[in-house]
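In: let's see this in three dimensions:
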Amino acid sequence: MKGILSTVDTCESSFTPLVVIELAQDVKEETKEWLKSRIISPKKDGGAQLLFRPLLNKYEKETLENQNLYLVGASNIRLLLGAEAVGLVKECTDGAMRAFTYRTRHNFKGFHVRRLLTSGIVTQVFPLHDTEALKKLEDTWYTRFALKYQPIDSIRGYFGETIALYFGFLEYFTFALIPMAVIGLPYYLFVWEDYDKYVIFASFNLIWSTVILEVWKRGCANMTYRWGTLVMKRQFEEPRPGFHGVLGINSVTGREEPVYSSYKRQLRTYLVSLPFVCLCLYFSLYVMMIYFDMEDWALSLHEDSGSEWTSLLLYVPSIVYAIVIEIMNRLYRYAAEFLTSWENHRLESAYQNHLVLKVLVFNFLNCFASLFYIAFVLKDMKLLRQSLATLLITSQILNQVVESLLPYWLQRKYCARVKRKVRALKSDVDTTLYEQVLLEKEMGTYLGTFDDYLELFLQFGYVSLFSCVYPLAAAFAVLNNFTEVNSDALKMCRVFKRPFSEPSASIGVWQLAFETMSVISVVTNCALIGMSPQVNAVFPESKTDLVLIVVAVEHALLALKFILAFAIPDKPRHIQMKLARLEFESLEALKQQQMKLVAESLKEESQEEEKEAAACRMPATLPQPELRNNCITPGQGGDASLS
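Out: Numbering: from 1, shown residues only. You can find the predicted model right below:
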């Protein structure tokens with residue numbers, strides 16, 4: 001009978017491998033023992049109070065391969081205490097959402113929670129995939145290609161709220177693009193070259209870009225309230241792992257942690273990072289001018305020959321430029337991450353905000369500067385249409401290949417090699433868990449939803465800024481996103497390690513980024529409307545009046561946009577009522593607690609008074625002169641004397 005790997009054969013029947021820790025091969029035994037003690041020791045001794053097992057015991061290391069791999073798990077009680085520690089909010093049996101506590105766990109629906117997050121300074125730390133749960137998720141998610149809603153709640157249950165919100169937004173944005181695609185298709189077929197009529201399409205674009213973002217806020221509030229993260233308790237943020245400095249005391253929390261001068265950080269930001277970003281922006285504009293030189297060369301060559309081959313050559317500069325843009329975006333992303341890390345931000349939120357700002361500014365200029373130049377400097381609508389179509393389609397194809405298909409192909413090849421290697425082992429042990437860990441430790445690490453949201457942000461820009469001159473932009477975006485859902489799902493389940501789940505109440509700073517893009521789209525579409533021959537015919541002589549009217553209309557539309565944003569509540573009415581009820585219950589609970597403390601204090605004072613009164617009533621023969629001197633005998637008024 002085959003032996004079982006040591007991680008399964010444990011005295012802790014509740015131990016389930018959740019997280020894998022890989023140490024470097026040259027780690028000393030003393031370091032391993034120290035790490036083990038930090039993981040399994042009680043919290044009062046500075047440990048994490050978790051379960052810790054090596055992947056292989058001594059015999060199996062000799063039989064298989066010497067791997068410094070360890071598994072971390074947690075008991076059910078520890079998981080529940082962890083849910084209370086992170087401030088998880090769950091639904092009670094009465095339907096209300098309340099902060100989860102271990103003491104009142106039986107009042108909550110489905111109080112068994114998933115796992116605790118863990119971290120350490122080792123080669124890598126990652127959670128293991130739950131093969132059975134993953135298989136069920138895949139069956140309902142992407143293995144059967146069909147036009148259907150995604151199992152968002154199941155995605156949230158397996159990957160956490162942050163990733164579930166991304167897929168929820170991707171699905172919502174795809175369906176929100178359908179009206180634009182439906183209107184754009186006949187528009188393309190019947191009035192393609194009649195640029196006078198794009199005024200109607202641009203006007204619809206303005207309302208669409210505002211309404212969809214406001215409606216998303218409501219849907220997002222519904223989801224996160226149901227998941228318990230909309231009202232989750234927020235604790236003080238811990239310093240991010242990459243933050244370094246001199247040890248000091250946090251003035252707010254009183255904890256010992258690294259301290260770094262904000263003055264030094266600002267010097268790094270404004271004297272190094274800002275000039276570097278400006279230099280990159282200048283280089284992007286320089287590359288753009290090279291692209292226009294290539295366009296002029298291709299056009300002159302076509303005019304000289306007039307052949308079919310040269311007509312195809314007209315698209316080559318745009319395709320090359322689109323590829324160069326993608327390469328520049330990715331190279332700049334690495335530089336931006338390095339600079340933002342070097343700035344040494346204390347909090348993860350501050351790090352993300354600075355990184356997003358750097359990347360968005362460069363990507364916006366790199367991707368859209370040429371379109372603005374064509375539209376408002378060259379005023380060549382035919383070239384604008386061609387460039388927009390080429391940039392949009394090329395970027396979508398490249399993203400699909402680079403982000404999903406290529407990593408999946410490489411992962412499949414590696415899996416085949418590992419399976420052959422494990423199958424060739426002549427060992428009398430069950431290598432199922434060993435094979436799973438070996439496969440997953442070589443998977444890529446999912447770095448978060450940043451790149452995914454960035455791709456949607458740029459797509460939103462292509463559709464909202466200039467789609468009036470290329471109505472098929474929304475249709476191509478819809479087709480891309482339907483395949484994007486499945487390719488991203490494949491990427492999460494089969495290409496990357498399982499990421500640690502992170503609670504989220506919204507899509508964060510990306511909501512502001514999309515809203516900013518919608519404001520820019522108002523200005524862009526109003527300018528395109530003002531440039532249309534139809535509008536120019538109304539003002540054949542006075543261009544000043546035309547400019548003033550376009551500016552006035554643009555301001556009026558911006559005012560309408562902000563009125564719509566104000567009129568559409570971010571949270572549905574029933575969610576607002578439930579949040580108000582939760583706040584009321586919290587205040588009432590606080591009052592009850594204060595009243596209880598006051599009652600206990602009054603009770604203690606009353607007991608002290610009774611003790612003092614009892615002491616005064618004691619017989620005179622007892623040797624207690626101190627107490628008797630403080631007593632007042634009946635009939636003596638205010639004079640204190642011995643009785």
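
In: per-residue confidence for Leu281?
Out: Looking at Leu281, its pLDDT reads 93.

In: tally of neighbours for it?
Out: 17 (other C-beta atoms under 10 Å). Yep, even glycine has a C-beta here, placed from its N, CA and C like the rest.

In: burial of the residue nearest to it when sequence neighbours are not counted, as a residue count?
Out: Nearest residue to Leu281 in three dimensions, chain neighbours excluded: Leu365, at 5.5 Å (C-beta to C-beta, 6 or more residues apart in numbering). By other C-beta under 10 Å, 17 other residues sit near Leu365.

In: in which helix or strand does Leu365 reside?
Out: helix 348-373 (DSSP states H and E).

In: what does Phe566 give?
Out: helix 543-567.

In: look up how far Val356 lies from the residue nearest the centre of the chain.
Out: Closest residue to the average C-alpha location of the chain: Thr162 at 4.6 Å, with C-alpha atoms, centre = their mean. Distance, Thr162 to Val356, by C-beta to C-beta, to the nearest Å: 15 Å.

In: what about Leu301, neighbour count?
Out: A count of nearby residues for Leu301, using other C-beta under 10 Å, gives 15.

In: so which helix or strand takes in it?
Out: With DSSP H and E as criterion, Leu301 is part of helix 274-305.

In: what are the buried residues along that helix?
Out: Val277, Cys280, Leu281, Ser284, Val287, Met288, Tyr291, Phe292, Glu295, Ala298, His302 (16 or more other C-beta atoms under 10 Å).

In: stretch 148-157 now?
Out: Gln150, Pro151, Ile152, Ile155, Arg156, Gly157.

In: one more: stretch 217-233?
Out: For stretch 217-233, by 16+ other C-beta under 10 Å, it's Lys217, Cys220, Ala221, Met223, Thr224, Tyr225, Trp227, Gly228, Thr229, Leu230, Val231, Met232.

In: got it, and stretch 513-532?
Out: In stretch 513-532, counting by 16+ other C-beta under 10 Å, buried: 513-515, 517-518, 521-532.

In: of those residues, which belong to strands?
Out: Residues of those located in strands (DSSP state E): none.

In: which residues of the stretch 51-200 of the chain fall in helices?
Out: Using DSSP state H, counting those that start in this stretch, the helices of the stretch 51-200 of the chain run over 58-63, 76-85, 131-141, 152-159, 161-190, 198-227.

In: export those helices to CSV and tack on distance to Tyr260 and mean pLDDT?
Out: Listed next are the helices of the stretch 51-200 of the chain as CSV, based on distance: least, C-beta to C-beta, whole Å; pLDDT from 0 to 100:
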stretch, distance to Tyr260, mean pLDDT
helix 58-63, 42, 51
helix 76-85, 27, 63
helix 131-141, 41, 88
helix 152-159, 33, 90
helix 161-190, 27, 88
helix 198-227, 33, 83
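
In: right, and those helices - which one's nearest Ala416?
Out: Of all the helices of the stretch 51-200 of the chain, helix 131-141 sits nearest to Ala416, with 18.0 Å by C-beta to C-beta.

In: any weak-confidence spans in the stretch 351-500 of the chain?
Out: Scanning the stretch 351-500 of the chain for pLDDT under 70 picks out the ranges 418, 421-431.

In: circling back to that earlier point, pretty sure the residue nearest to the centre of the chain contacts Pro503?
Out: Yes. Judged on C-beta atoms under 8 Å, Thr162 makes contact with Pro503 at a distance of 7.4 Å.

In: follow-up on the earlier one: which two from the buried residues of stretch 148-157 end up farthest apart in space?
Out: Maximum distance among the buried residues of stretch 148-157 (C-beta to C-beta): 12.8 Å, for Gln150 and Gly157.

In: picking up where we left off before, now for the helices of the stretch 51-200 of the chain, which one comes closest to Tyr332?
Out: It's helix 161-190; of those, that one is closest to Tyr332 (C-beta to C-beta) at 22.2 Å.

In: enumerate every residue touching the spatially closest residue to Leu23 that is not a sequence neighbour.
Out: Once flanking residues are discounted, Leu23 sits nearest to Asn68: 4.0 Å by C-beta to C-beta, 6+ apart. By C-beta atoms under 8 Å, 6 or more residues apart in numbering, the contact list for Asn68 reads Glu22, Leu23, Ala24, Gln25, Val27, Thr123.

In: what number of residues lie near the fourth one?
Out: Just to be clear, that refers to Gln25. Gln25, neighbours per other C-beta under 10 Å, totals 9.

In: span of stretch 493-501 from start to end?
Out: From its first residue to its last, stretch 493-501 covers 14 Å (C-alpha to C-alpha, to the nearest Å).

In: give me the element Ser387 is part of.
Out: helix 381-400.

In: tell me how far that helix is from the chain's mean position?
Out: Relative to its chain's centre, helix 381-400 lies at 28 Å (C-alpha atoms, centre = their mean, to the nearest Å).

In: again with stretch 177-196
Out: For stretch 177-196, the distance to the chain centre is 34 Å (C-alpha atoms, centre = their mean).

In: quick one, what contacts Gln411?
Out: By C-beta under 8 Å, 6+ apart, the neighbours of Gln411 are Met443, Gly444, Arg494, Val495.
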